[in-house]
Every structure is written in structure tokens, then in C-alpha cells.
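# Predicted model, plus sequence, below.
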Amino acid sequence: MTVSAAALEVRDVYAGYGASDIIASVTLQAAQGRITTIAGPNGAGKSTLMKTLVGLLRPRLGQILIGGRDITPLSPPQRALAGLGYVPQERNVFKNLTIGENLRIGFEFIRRKSPEKEFNAARDRVLDLFPDLTARLGELAGTLSGGQRQMLAMGCALIPGPTTLLLDEPSAGLSPRYVTTMLDAVAAVNRAGVTVIMIEQNLIEAMRVSHDVVLLVAGGIRGKWGADVFLSDPEVRSLFLGGAKAKSENSGQERRSDDASAA
Amino acid sequence: MMQALLNGLVSGLLIALPAIALSLTYGILNFANFSIGAMITTGAYLAYIANTSFGAPIVLAAPIAAIVLALIAIAIQRGVYRQIRNADHVTLLVASMGVAFVLENVLRFFYGADVRTLDVPVARPLIWHGLRLNHEQLQIAVASLSAMAAIAFLLKRTRLGRAMRAISDDPDLAEVRGIERARTVDWTWAISGVLTALAGVMIALDGIVDPLIGMNYLVSVFAAAVIGGLGNPFGAVVGALIIGLVEETSALAVSTTYRQGISFVVLVLVLLMRPQGLFGAVRIRR
Ligand SMILES: Nc1ncnc2c1ncn2[C@@H]1O[C@H](COP(=O)(O)OP(=O)(O)O)[C@@H](O)[C@H]1O
Ligand SMILES: [Mg+2]
């Protein structure tokens, strides 16, 4: 296969939450029509990078382009209108709204001019992908189990028909059966023509569906691999297997910061 | 006693409108709008001006007051609150106290502290099995119930209502889903202006217009919204009915000058039993 055009391009981006940068000098390209996985230890800045891509964080320096168009100045709603779909790692559904309302909200602000008929068709496609949600449309999203919540979040991002989909750990916290279901859904969405960029920790499962992998460590890009060779690279192996101790320390830190932000 | 219950119900319906307004702005902006009392007063004066200076009958003066106060509320949002939107909620609360101070003093400057009344025809009260319902109370009940039905429809069935609830639930996720926050916030203030203006007009109808009429309701309105679980507009209605009923029935036993104190006691009692308000737990925050 020849090198395809970049659906999403990040040029020398620096971003963080206050004085210091969490990610620095990040440059990467996600190829059109492919699944690019961002791998890296906990606390590496993967979620921070993705928040910068959707506009929730403003980069201190650098540019973000989709389909060659510079979207750096655009707000999150404008980026959504430009075809960017996003599933956050946590807090990814409106818990006090019903499942049906969540889906409608996913559609109606991005496809403002579309008639009700198109919403119904789009919703039916999502429910075909995630049939578990069908019987519960009238219930509050906050009552869903972790796996079902993840499916709803994915459905909400898919329903307006994005051209590029950003997924922050779509299989995190899911039982093995759901991990497979979720990643199969990602692959199906991609086969339908959507470019996917996802952060994943279930690397073995993720490699089954991914095409490309970039590795992010301590806020910087460490390289790019084909999904078929990524896990056999010695550097990668030492990071994820040999570096297990460092990783668990980091994950403790991550949990504390999550609690603080939820409070 | 039955009369007191009836009066309490009507009074609760009146308090419900600004309590809903308080809950909506709290849910979306995450700060308690202390200027709600001054907004009520401003609404009453706007209707008074339309009514006496321009000769508009009250059915016309009320919507004029509502629209003008909605525009004023949007102007205050853009001129004050948006400028300091990244400040913590205490700063915003203090800013709304400043807004209240300015609004009240502008009214005082132009109209003094004189007591004024609306120019409305006097109508005979309805009497039914010894229960008295005067014309103003009937207007309050009808206007308030219609406004509540409109708000319920708006929140549950319209795109704007879903945008408001989505932002109240999770502002970041709302933005990512394509919701323009600034525009939704403007609309929320406009709705808040309409609801408080209507309350101001109804208070004026039932009594007088002076620079403190809104302030006199401040504790009741806050108590109603907090009892209902701040940020939950449907809870605010229940809270308002409770406050209205308690205030009117307590008037049978103690002087009406303690009315606000009674509201405060009810508020404290409810919060002691349920710190999140009666309907606070329905909302899932985790
Ligand atoms: N909202 C926030 N405010 C301040 N620091 C944050 C915030 N979110 C994450 N961080 C910090 O940024 C770093 C990277 O976090 P994150 O991007 O979530 O990593 P990853 O997704 O790779 O696990 C961590 O040190 C984390 O503590
Ligand atoms: Mg993360």
C-alpha cells in the first residue's frame, strides 16, 4: 500500500494544564482510513494529547491539522462540526440524561440541519452496532454498567458520522468479552471509512485491529511502528514488560490526580 | 386553615419562578446568583414604567418587562460574568452581589424609595365554599403554572433545553458534542430574566412597587432552590411550594415579619437531614 494522505496531523505541539508542558514537541501523522494506536505508560500524556486534539486544551505552541486544514484556532464545537469525533477516557456520557437523549445530543448539534429521519436512521445504525442499548433508551445513562456506558459513549461519538474518530482507551475497565466487542466495533467503523486514532492499554487486543502505532513516553513521541511488529520490538518490550515497576508507580499517581479532578 | 393553605400554594407558585431561574443559572454557571432579588425588583419597575408611563395594560406590560429584563440579564452576563468566567464561584457570587447593588441603586436614583402601585382595575375576589381567591392570586396561579409548563417543555423537549441540561451535567463533554456554551449561557440568562420579571410583576400586582420588594423574597427563593437541590429546576418547584405553604401557615401562629426567618429555619432543617437537598440525590455526579 502506498503512503496515504494524513487525515490528522500534529506539528510540534506543546501543551499542559498550567505553567509546565505535559507534552512537548509532539509531531505525528495519522493516515487516512487507518487505525493509529497511541501507546505509552500511564501518565505519559496520552489523554492530554487527545484533549489538545479536540480543543479542550489549547496548545502553547504548534499546529493541528485535519485533512490539511489548520484547526488550531477552532473551539471544540467547531472541531466537532469539522468532522472530529471524540470519546473521552472518563466522564464520557451525560449521566443525568437518558440514553436516548445522549444519542440525540450526539447528533443534533453537529448535524443541525438534518431532518428527524436522518437522526432515526443514524440511531438505528448505532443500535445495530450496540444492541444492548436498545431496550434502555429511556433510562438515565448514569445507571449503565461500565461496558454499556462505554458503548453509549462510542455511539454518541459515531452518530453524527465523523470523518475522524478519537478514542481514549475504549476498552478500559471492560470485561474480556466486552473488550473484544468494543475493538471489533472500532474495526467495523474503520472499515466503513472512518479514520481512527485510539489510545489503548490492552495492547495485544489493540494490535489485532490497529494498522499503525506511535509510542508516547514522558510527553514525547518515541517512534512509529507497524502494528504487526510493534510488540516484538525490543525497546517496546522493555518498556512494557521490563518497565513494569515504574509503570505501577505511575498508575498510583494517576489515580490520585483523577480523584482530585473528580472532587 | 384551608385559606392559609390556598394562600401558601399561590405564594409557592410565585416563589417557584425565581427559584427555577436560580437553579438554572446555578446548574450551568456553577454559582448562586445573589442578584435574583434585585432582578425581581427591576422586573416590577419595568412593568410599572410600561404600565404608568406608557399606559400599557398589565397583560402587555408584563411581557414587555420580561423581554427587557431578559436583555438586561444577557448584557450583565456579557459585561460582568463572562469577563470573570474563570474565577472561582465565590468571586462570581460576590460579583452578583455587586450587580444587585447597582440595579437597586439605579432604581432608587430614578424612582426614589417611594411606594408605588400598578394601575390595574380592581376586581372582586372569587369566593368558593368560604375560600377567598382574589383576582391577583388567580393571575399569579395561571401565569406561574403556564410559565412552569413552558419551562418543562423547553428543558425536556427542545434542543436548547437539552443543551442546558448537557452543560449542567458536564460542560467539557457538552462542548465536544458541538454545543456552543456561550450561546446557551446567554439563553439561560434570558430565561432567568423572563422568569424573575414575571415574579416581579406578580408581586407588584399583589401589593406595591418599591426598591426592596425583591430583596424581601431573597431568602425564600434561595431556600426553595436549595431545598429542591440546587441546579435541579424541578426540585426548585417542590421547594417553592414547601416554602410557600410553611410561610403562610406559620403566619397563623407568628407575625408575618418572621416569614423569612421561618424559611431559613425550614432550609436549615432540610439541609441537616439531607445536605444535598430533597432531590439532590437524583442527580448522578460521580
Ligand atoms: N486536569 C489536569 N490538571 C493537571 N494535571 C493533569 C490533569 N490531567 C492530567 N494531568 C497530569 O498530566 C500528566 C499526563 O496525564 P494523562 O495525559 O492523563 O496521561 P495518560 O493518559 O498517558 O495516562 C499526569 O502527570 C497527570 O497527573
Ligand atoms: Mg489517559
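Structure received. Ligands and ions are numbered 1, 2, ... in the order given.

# can we go C-alpha only for contacts and neighbour counts from here?
Fine.

# how about the helices in the stretch 151-263 of chain A?
Listed in chain order, the helices of the stretch 151-263 of chain A (DSSP state H, counting those that start in this stretch) span residues A:176-191, A:203-209, A:227-230, A:234-237, A:244-262.

# need the helices for chain B, in chain order.
Chain-ordered helices for chain B, with DSSP state H as the definition, fall at B:2-29, B:36-48, B:58-76, B:89-111, B:135-157, B:159-169, B:171-176, B:181-206, B:215-227, B:233-250, B:259-273.

# Is it possible to get CSV of these that adds mean neighbour count, mean pLDDT and distance to ligand 1?
CSV is the format used below for these (neighbours: other CA atoms under 10 Å in any protein chain shown; pLDDT from 0 to 100; distance: least, CA to the nearest ligand atom, whole Å):
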stretch, mean neighbour count, mean pLDDT, distance to ligand 1
helix B:2-29, 25, 94, 19
helix B:36-48, 29, 97, 33
helix B:58-76, 20, 96, 30
helix B:89-111, 16, 93, 18
helix B:135-157, 16, 94, 30
helix B:159-169, 22, 96, 18
helix B:171-176, 23, 97, 12
helix B:181-206, 24, 96, 20
helix B:215-227, 27, 93, 29
helix B:233-250, 25, 93, 29
helix B:259-273, 17, 86, 31
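
# end-to-end on stretch A:202-213?
Stretch A:202-213 has its terminal residues 13 Å apart, counting by CA to CA, to the nearest Å.

# Mean confidence (pLDDT) on that stretch, please.
Along stretch A:202-213, the predicted local confidence has a mean pLDDT of 94.

# Stretch A:110-121 too?
The average pLDDT for stretch A:110-121 rounds to 96.

# That stretch: end-to-end distance?
Start to finish, the residues bounding stretch A:110-121 are 16 Å apart (CA to CA).

# Sort out which residues of it are buried, please.
By neighbour count with 16 or more other CA atoms under 10 Å in any protein chain shown, stretch A:110-121 contains the buried residues A:110-111, A:119.

# Just give me the closest of the residues you listed to chain B.
Closest approach to chain B among those (CA to the nearest CA): A:Ile110, at 5.5 Å.

# Okay, that closest one and B:Ala182: tell me how far apart.
Counting by CA to CA, the gap between A:Ile110 and B:Ala182 amounts to 16 Å.

# Next: B:Asn216.
In this structure, B:Asn216 and B:Ala182 are separated by 32 Å, where distance is defined by CA to CA.

# B:Thr25 too?
Taken as CA to CA, the spacing of B:Thr25 relative to B:Ala182 amounts to 13 Å.

# residue contacts, the residue of the stretch 101-250 of chain B found nearest chain A?
For the stretch 101-250 of chain B, the residue positioned closest to chain A under CA to the nearest CA is B:Gly178, at a distance of 3.9 Å. If you count contacts by CA atoms under 8 Å, 6 or more residues apart in numbering or on different chains, B:Gly178 has them with A:76-78, A:80-81, A:106, A:109-110.

# Any of these buried? List them.
Buried positions within the contacts of B:Gly178, assessed by neighbour count (16+ other CA under 10 Å), are A:76-78, A:80-81, A:106, A:109-110.

# Present those as a markdown table; the columns should include secondary structure.
As requested, these are arranged in a markdown table below (DSSP: H, G, I helix; E, B strand; the rest coil):
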| residue | secondary structure |
| --- | --- |
| A:Pro76 | helix |
| A:Pro77 | helix |
| A:Gln78 | helix |
| A:Ala80 | helix |
| A:Leu81 | helix |
| A:Gly106 | helix |
| A:Phe109 | coil |
| A:Ile110 | coil |
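
# How about the contacts made by B:Thr41?
With contacts taken as CA under 8 Å, 6+ apart, B:Thr41 has the following neighbours: B:104, B:197, B:200, B:209-215.

# Now render those as TSV, adding distance to chain A.
As requested, those are arranged in TSV below (distance: CA to the nearest CA, whole Å):
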residue	distance to chain A
B:Glu104	37
B:Ala197	29
B:Gly200	32
B:Val209	40
B:Asp210	41
B:Pro211	39
B:Leu212	37
B:Ile213	36
B:Gly214	32
B:Met215	33
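
# Dump these to TSV, plus distance to B:Arg165.
Below are the contacts of B:Thr41 laid out as TSV (distance: CA to CA, whole Å):
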residue	distance to B:Arg165
B:Glu104	31
B:Ala197	23
B:Gly200	26
B:Val209	35
B:Asp210	35
B:Pro211	34
B:Leu212	32
B:Ile213	31
B:Gly214	27
B:Met215	28
